[in-house]
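Chemist: Sharing a model prediction with you, sequence too.
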Amino acid sequence: MVKVQNGTAVREPIPPFLHGLLPESLVDLSWTDPALGVQGVAWWPEENTEGELGVNKKWGAEVLTLDIERKVVKVARKQVAMTSAEKAERDAAIAAEWADKIAARRWEVETGGTAVEGVQVNTERDSQALLTGAAFAATLDPAYHIKWKAATGFVDLTGEQVIGLASQVRAFVQACFNREAELLGFVADGSITAEMLEEGWPV
């Protein structure tokens with residue numbers, strides 16, 4: 001509700017002694033006790049008429065316009081051009097928000113597991129480290145042989161298979177980071193979309 005007095009609308013709160021009145025009672029207070037001092041005052045409902053904010057614009061001063069026939073105050077803020085510094089600050093904030101979203105999505109894919117030759121492999125960071133260690137051991141011992149715990153249970157792996165598995169998991173993880181870098185490029189050139197965040201990731 002916006003205060004209306006002498007044909008002018010101003011932002012002023014409704015006095016406590018008028019709290020509880022219905023909006024239709026506030027649009028004309030001529031019925032109130034003169035001692036209250038509000039007979040020539042009213043509080044009208046407001047109606048936003050701003051529309052969408054233009055490109056490289058910011059909201060400026062508020063403009064209140066009376067619609068006498070409807071007893072409504074039309075509310076709009078002026079649109080003013082952003083300064084170069086304001087645009088740079090806005091763009092940096094948007095880029096940082098996208099970077100956080102992209103990194104979170106990359107982490108989700110990277111650590112969500114992948115299938116290697118029919119074996120579902122855990123790709124959480126601890127598992128990546130364990131597999132890297134096993135692959136290093138396999139390079140030192142041609143007869144290396146282990147039981148590796150996959151998502152579906154234990155599988156027997158030779159040293160050669162361990163190295164192959166580690167290599168493919170490493171390629172999967174790198175592909176996740178490659179996609180993250182690619183998406184950040186789209187952020188930089190302003191072509192990023194929400195749909196891109198779900199596309200192009202390795203499986």
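Modeler: Thanks, I have the structure now.

Chemist: Which residues lie in contact with the closest residue to Val41 other than its chain neighbours in this structure?
Modeler: Distances taken as CB to CB, 6 or more residues apart in numbering place Gln5 nearest to Val41, at 4.8 Å, with adjacent residues excluded. Bear in mind the C-beta positions are built from the backbone N, C-alpha and C, glycine included. Residues in contact with Gln5 (CB atoms under 8 Å, 6 or more residues apart in numbering) are Gly40, Val41, Ala42.

Chemist: Please pick the buried ones from those residues.
Modeler: Among those, those classed as buried by 16 or more other CB atoms under 10 Å are Val41, Ala42.

Chemist: what's in contact with the helix or strand hosting Ala9?
Modeler: Using DSSP states H and E, Ala9 falls within strand 8-10. For strand 8-10, the surrounding residues in contact (CB under 8 Å, 6+ apart) are Val2, Lys3, Trp44, Leu64, Thr65, Leu66, Val73.

Chemist: which one of the contacts of Gln5 sits closest to Ala150?
Modeler: Set against Ala150, the nearest of the contacts of Gln5 by CB to CB is Ala42 (74.0 Å).

Chemist: Tell me the pLDDT of the nearest residue to that closest one once chain neighbours are set aside.
Modeler: Closest residue to Ala42 apart from its sequence neighbours, by CB to CB, 6+ apart: Val4 at 4.7 Å. pLDDT recorded at Val4 is 96.

Chemist: Sketch out the helices for this structure, chain order is fine.
Modeler: 23-26, 84-110, 125-140, 159-189 (DSSP state H).

Chemist: helices or strands up against the longest one?
Modeler: Using 3 or more CB pairs under 8 Å, 6 or more residues apart in numbering; DSSP states H and E, the elements in contact with helix 159-189 are helix 84-110, strand 114-116, strand 119-121, helix 125-140, strand 145-150.
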